[in-house]
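>>> got a sequence here, can you build the structure:
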Amino acid sequence: MTNSQSLPHHAWAKTPPLGWNSFICYGSSVTEKQFKENVDAFAEKLAPLGWEYVVLDFCWSHPDPGPVANPNQEAGYTPALACDEYGRLLPSVERFPGAANGVGLRELADYTHSKGLKFGLHIMRGIPRQAVDANLPIKGSNATAGDIADTDSKCTWLNHMFGVDHSKDGAQAYYDSLFELYAEWGVDYIKADDILTDYPGPYHKSEIEAIHAAIAKCGRPMVLSLSPGPAPVNQAEHLRDHANLWRMSADFWDQWKKLYEMFYLCNAWTNCGAEGYWPDADMLPMGRIALCGPEGDPRDSLFTFDEQKTMITLWSIFRSPLMLGGDVPTLDEATLSLLTNPEVIAVNQAGSKPRQLYRHQTLVAWISEAPEEGEYYLALFNLADENDTVPITFSQIGLGNYLEFRDLWAQKDIGVFEKNYSIELPPHSSALYRVRKPKH
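Alright, predicted model coming up:
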């Protein structure tokens, strides 16, 4: 798929978003205090390099959800969520005291904006079950929650919502009212969940279209991210036309097997992203994670330093959004160095037309075009469990027999090479270069 059509919402994410999301650290139980502590650290450590989004993930309406709120489809369901008279979820004041007196998340968004950052919010598709139980009215419509709910459409991992039947009057009005509220709060980014694929469940096309339409009406630009994957590749054009980013995989965690598999997914989604719309390889499980669930006990990332470097290299050359999942206040210097290398960030933000150049079993090369004519970004990967040499023949690049290499991780020029180049890499590691014809 090529960028044959530039749509208004594409202007809201001209480059892959760079940010932080609370899920990998705090699961469903993040508090206002924890969120603000990460905002402060993010503004200090990451924002100077162009990182800008901080995203509050799921269950912010629940007063005491635990690490994962009500994971079973039916057992344990209680109408405990904070909700207004129109069936719209509100932040729990027990966890977000700044939301008292009807302020909602405006105070938290204002705090985020005061740091020069943008505020993101996780939502679940559909309408709260408790709104359906109470048959609450839909703002801007004569319909009620019971009229528009599809009670057969349920999330399999969080039992708070029913889907919305978009053949019913009032369905679009409900989503319009949601985004009217989010615009009042000052939301800049929406992560809409349970909406792509819950294998073997459906692709929720009508819900995606309803959210897209509601954002267009609300009067405030909001980047739209769709989760969880795997998104269906045969819906790439529909995704481009209605969202800014979409997940290629199920939840990504700090396991080499998942990173290894991501190389196949990135290759499958080649040519499906461009300015304004991005296939998303998911959050970066780096630093201190799982502080409050949902995946095991609190720990440092299980990825080695080389594996984290490989992850950032792949995400950058492919131009996936970069969304950190680790606790920002406690980031160590080594991890921070992987997130704040300006020459690597430039590959993610300024490259174009990324593609796999070759794959020979566990040896992989990717390439993308750099902004300067006749220059390319080149990533080499050793996915094997032992040292191996990764080669590149210059005829594969097409710039001639002599190329000048700059090591972007080291931020230094390493010389001019003739016809080919190779590097011995440790297991699960990578190298990233800018290559061009010598200027002299």
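>>> name the nearest residue to the most centrally placed residue in the chain, sequence neighbours excluded.
The structure's the chain has its C-alpha centroid closest to Asp282; by CA atoms, centre = their mean the separation is 4.9 Å. What sits nearest to Asp282 in space, not counting adjacent residues and going by CB to CB, 6 or more residues apart in numbering, is Phe252, at 3.7 Å. To be clear about C-beta, it is placed using only N, CA and C from the backbone, and glycine gets the same treatment.
>>> just Glu275 next, same as before
Distance criterion CB to CB, 6+ apart; nearest residue to Glu275, sequence neighbours excluded, is Lys14 at 5.2 Å.
>>> number of residues surrounding the one you found?
The local packing count at Lys14 equals 11, with neighbours defined by other CB atoms under 10 Å.
>>> ok so, going back, quick one, what contacts the residue nearest to Asp282?
Taking CB atoms under 8 Å, 6 or more residues apart in numbering as the contact definition, Phe252 lies against 258, 262, 281-283, 285.
>>> strands along the stretch 301-440 of the chain, start to end?
For the stretch 301-440 of the chain, applying DSSP state E, counting those that start in this stretch gives strands covering 322-324, 352-360, 363-369, 375-382, 388-393, 402-407, 412-418, 420-425, 429-436.
>>> okay if I get those as CSV plus mean pLDDT?
Compiled in CSV, these are given as follows (pLDDT from 0 to 100):
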stretch, mean pLDDT
strand 322-324, 98
strand 352-360, 98
strand 363-369, 98
strand 375-382, 98
strand 388-393, 98
strand 402-407, 98
strand 412-418, 97
strand 420-425, 98
strand 429-436, 98
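>>> winner for burial among these?
Among the strands of the stretch 301-440 of the chain, judged by mean count of other CB atoms under 10 Å, the one packed with the most neighbours on average is strand 322-324 (a mean of 26).
>>> I'd like to know which elements it is packed against.
The elements that strand 322-324 packs onto, with contact taken as 3 or more CB pairs under 8 Å, 6 or more residues apart in numbering; DSSP states H and E, are strand 18-21, helix 305-318.
>>> nearest to Leu338, out of these?
Counting by CB to CB, Leu338 lies closest to helix 305-318 out of the helices and strands packed on strand 322-324; the figure is 5.3 Å.
>>> contacting residues around the closest one?
Contact with helix 305-318 is made by 256, 259, 262-263, 266, 279, 281, 284, 286, 301, 303, 320, 322, 334-335, 338-339, 344-345, 347-348, 351, 354, 366-368, 377, 379, 381, 409, 426-432, as judged by CB under 8 Å, 6+ apart.
>>> one more pass at 6 Å, please.
The list of residues contacting helix 305-318 from outside it, by CB atoms under 6 Å, 6 or more residues apart in numbering, reads 259, 266, 281, 286, 322, 338, 344, 347-348, 354, 366, 368, 379, 426, 428-430, 432.
>>> quick one, helices of the chain?
Counting by DSSP state H, the chain has helices at residues 23-26, 32-45, 106-114, 129-134, 145-148, 171-185, 205-218, 236-242, 256-268, 305-318, 333-339, 342-350.
>>> save the ones you listed as CSV, and put in distance to Glu404, mean pLDDT and mean neighbour count too.
Formatted as CSV, those follow (distance: least, CB to CB, whole Å; pLDDT from 0 to 100; neighbours: other CB atoms under 10 Å):
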stretch, distance to Glu404, mean pLDDT, mean neighbour count
helix 23-26, 39, 96, 27
helix 32-45, 33, 98, 18
helix 106-114, 42, 98, 19
helix 129-134, 61, 95, 20
helix 145-148, 61, 98, 21
helix 171-185, 49, 98, 21
helix 205-218, 45, 98, 19
helix 236-242, 36, 97, 19
helix 256-268, 27, 98, 16
helix 305-318, 19, 98, 23
helix 333-339, 25, 98, 16
helix 342-350, 15, 98, 19
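>>> could I get these as JSON lines with distance to Pro391?
Shown next, in JSON lines, are these (distance: least, CB to CB, whole Å):
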{"stretch": "helix 23-26", "distance to Pro391": "36"}
{"stretch": "helix 32-45", "distance to Pro391": "37"}
{"stretch": "helix 106-114", "distance to Pro391": "46"}
{"stretch": "helix 129-134", "distance to Pro391": "57"}
{"stretch": "helix 145-148", "distance to Pro391": "59"}
{"stretch": "helix 171-185", "distance to Pro391": "51"}
{"stretch": "helix 205-218", "distance to Pro391": "43"}
{"stretch": "helix 236-242", "distance to Pro391": "32"}
{"stretch": "helix 256-268", "distance to Pro391": "18"}
{"stretch": "helix 305-318", "distance to Pro391": "17"}
{"stretch": "helix 333-339", "distance to Pro391": "25"}
{"stretch": "helix 342-350", "distance to Pro391": "21"}
